[in-house]
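In: No letters, just coordinates:
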C-alpha cells in the first residue's frame, strides 16, 4: 500500500500555494472541464463561442497518485486547505498564470471566475451538469488566445485543469499508523466525498 499524505499550505513560506493552473490532457483529479459555447449551453441569445473553460481545479479528499523518486504516494487536499488555496491564488494575482501540460507557459488565458462549491445541487456548476462534492474549487478560465482555443481546446487535446504549486506534507501515514488506523482514515476520506 502506498503512503497517504495530506497536502497543506505552509503560509510562512512565500512560495506556498498555487502558482498557475495548467490545461492538460489527463487531469489528476479525474474531472474534465467543459468548453462553454453557444452550442454547449444556451444562454440568452449567445451567438458566438464564449471561449470559457469551466471545471474543477481541486476536489476535496480526492486521492491523487504521485511518484516521488522511487516511492509511490497518494496525496489529497482537505476542504479547508482548498478554500485557503483558492483565496491565496487570487490574492497573489496568479489568475493569468497558465501553462500547457505543466511544460509551456501560455499567454492569453485568465481565470475570470473562482468559487468553492457550497451545495452540490444548487451550485452554479450543477447548471452545466457537473457533479462536484462540497468543498471543490471551480474555476472559469477565459481563453483569449485563438491558437490555444483552436489547436488544443476545440480539438480535445486538453480536457481539464491541473494545479501547479508548492505544498507541505501534513500526514505521512506509512510507518506511523497501524493497518487498522490507515483503513479507518481511508474510510473517513471516502465517506466525506459522499
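Out: Noted; the coordinates are in hand. All figures in this text were calculated on a predicted structure; none of them were measured in a lab. Numbers count the residues shown, from 1 in each chain.
In: tell me which residues of stretch 98-106 are tucked away?
Out: Across stretch 98-106, burial judged by 16 or more other Cβ atoms under 10 Å covers 98, 99, 100, 106. For every residue, glycine as well, the C-beta is placed using N, CA and C.
In: In the chain, what helix or strand scores lowest on average pLDDT?
Out: The least trusted helix or strand in the chain, going by mean pLDDT, DSSP states H and E, turns out to be strand 34-36, with a mean of 57.
In: Now pLDDT and secondary structure too, for the buried residues of stretch 98-106, in a markdown table please.
Out: Shown next, in a markdown table, are these (pLDDT from 0 to 100; DSSP: H, G, I helix; E, B strand; the rest coil):
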| residue | pLDDT | secondary structure |
| --- | --- | --- |
| 98 | 94 | strand |
| 99 | 91 | strand |
| 100 | 92 | strand |
| 106 | 94 | strand |
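In: what's the closest of those residues to residue 166?
Out: residue 99 (15.0 Å; Cβ to Cβ).
In: the strands in the chain, which residues?
Out: 3-8, 17-24, 34-36, 52-58, 64-68, 71-76, 98-100, 104-106, 109-116, 137-143, 160-166, 168-172 (DSSP state E).
In: Which pLDDT value does the model give the nearest residue to residue 88 once chain neighbours are set aside?
Out: Among residues not flanking residue 88 along the chain, residue 17 sits closest, at 4.3 Å (Cβ to Cβ, 6 or more residues apart in numbering). At residue 17, the model reports a pLDDT of 79.
In: List the residues that contact residue 17.
Out: 9, 85, 88, 89, 92, 165, 166, 167 (Cβ atoms under 8 Å, 6 or more residues apart in numbering).
In: In ChimeraX, how would I select the buried members of those?
Out: Per 16+ other Cβ under 10 Å, the buried members of those correspond to this ChimeraX selection:
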select :9,85,88,89,165,167
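In: which one of the contacts of residue 17 is nearest residue 60?
Out: Closest to residue 60, out of all of the contacts of residue 17 and judged by Cβ to Cβ, is residue 85, at 10.9 Å.
In: and the gap between residue 148 and residue 95?
Out: According to Cβ to Cβ, to the nearest Å, residue 148 and residue 95 sit 16 Å apart.
In: Equivalent analysis for residue 55, please.
Out: Counting by Cβ to Cβ - residue 55 and residue 95 are separated by 15 Å.
In: More neighbours: which of those two?
Out: Legend: neighbour count by other Cβ atoms under 10 Å for residue 55 and residue 95, higher for residue 55 (25 against 19).
In: what sits opposite that one in the beta ladder?
Out: Beta-bridge partners recorded for residue 55 (DSSP bridges): residue 139.
In: And for residue 72?
Out: residue 67.
In: picking that back up, which of the contacts of residue 17 lies closest to residue 113?
Out: Nearest member of those to residue 113, counting by Cβ to Cβ, is residue 89, at 12.4 Å.
In: Kindly state the pLDDT recorded for residue 63?
Out: Note on residue 63: pLDDT of 85.
In: Brilliant, that's me finished.
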